[in-house]
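Asks: Got a predicted structure here, sequence first:
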Amino acid sequence: QVHLVESGGGTVQAGGSLGLSCVASGNIFSVNDMGWYRRAPGKQRELVATITSGGSTNYADFVKGRFLISRDHAGNTMNLQMNILKFEDTAVYFCNAVVKTRNGDQIHELDLWGQGTQVTVSS
C-alpha cells in the first residue's frame, strides 16, 4: 500500500507564514505529479499548486508570489511554503500525488489523496 501523510498545518495571523509537507510512503515505484489543493468552508476544492517529477511548477493566481511548492531530490516529499497568508487562505489543504506501484511485473498507477491538514489564518 501507498500512503500520503501531510503535516504542518496550524493557526497563524494574517501576514504570517506556514509550511506544509506531504510524504509518500509504501510500495512506491515512482512518484509523478504532485500537488496541493484546498477546500475552504462552503466552497469546492480548488488547485493551489502542482509540481511535476521534473520540477516544473504551476500556481493558482491567488497564491502566485506568496506560496512556493518544492520536492526533495528523491521525489517522495513535497513541501508548500506559504507566506503573506491571508484570511481567505483558511482551508483544509490536501496533498495529491500520482504514484506508480510495482507488483511483480505489473505496474499500477494510483491517484492518491492525503487526509488533509487545517490551515487557519486569523485576521
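Replies: Nice, thanks for sending it over.
Asks: for the protein, longest strand please?
Replies: strand 91-103 (DSSP state E).
Asks: ok, residues contacting that strand?
Replies: Under the contact criterion CB atoms under 8 Å, 6 or more residues apart in numbering, strand 91-103 has outside partners 2, 4, 6, 9, 20, 22, 24, 26-41, 43, 45, 48, 78, 80, 107-114, 116-119. The way it works is simple: take the backbone N, C-alpha and C, and place the C-beta from them, glycine included.
Asks: partners of it in the sheet?
Replies: Strand 91-103 sits in its sheet next to strand 30-39 (antiparallel), strand 106-113 (antiparallel), strand 117-122 (antiparallel), going by DSSP bridges.
Asks: Quick one: the ones you listed as a markdown table, columns for distance to residue 86 too.
Replies: Shown next, in a markdown table, are these (distance: least, CB to CB, whole Å):
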| stretch | distance to residue 86 |
| --- | --- |
| strand 30-39 | 12 |
| strand 106-113 | 25 |
| strand 117-122 | 6 |
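Asks: Single out the most deeply packed of those.
Replies: Stretch with highest mean neighbour count among these: strand 30-39 (a mean of 19; mean count of other CB atoms under 10 Å).
Asks: Could you give the number of residues near residue 94?
Replies: Neighbour count of residue 94, defined by other CB atoms under 10 Å: 21.
Asks: Could you give the bridge partners of it?
Replies: residue 37.
Asks: thinking again about what came up before, JSON lines please, covering the strands paired with strand 91-103 and showing mean pLDDT and distance to residue 73.
Replies: Output for the strands paired with strand 91-103, formatted as JSON lines (pLDDT from 0 to 100; distance: least, CB to CB, whole Å):
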{"stretch": "strand 30-39", "mean pLDDT": "96", "distance to residue 73": "12"}
{"stretch": "strand 106-113", "mean pLDDT": "94", "distance to residue 73": "21"}
{"stretch": "strand 117-122", "mean pLDDT": "97", "distance to residue 73": "23"}
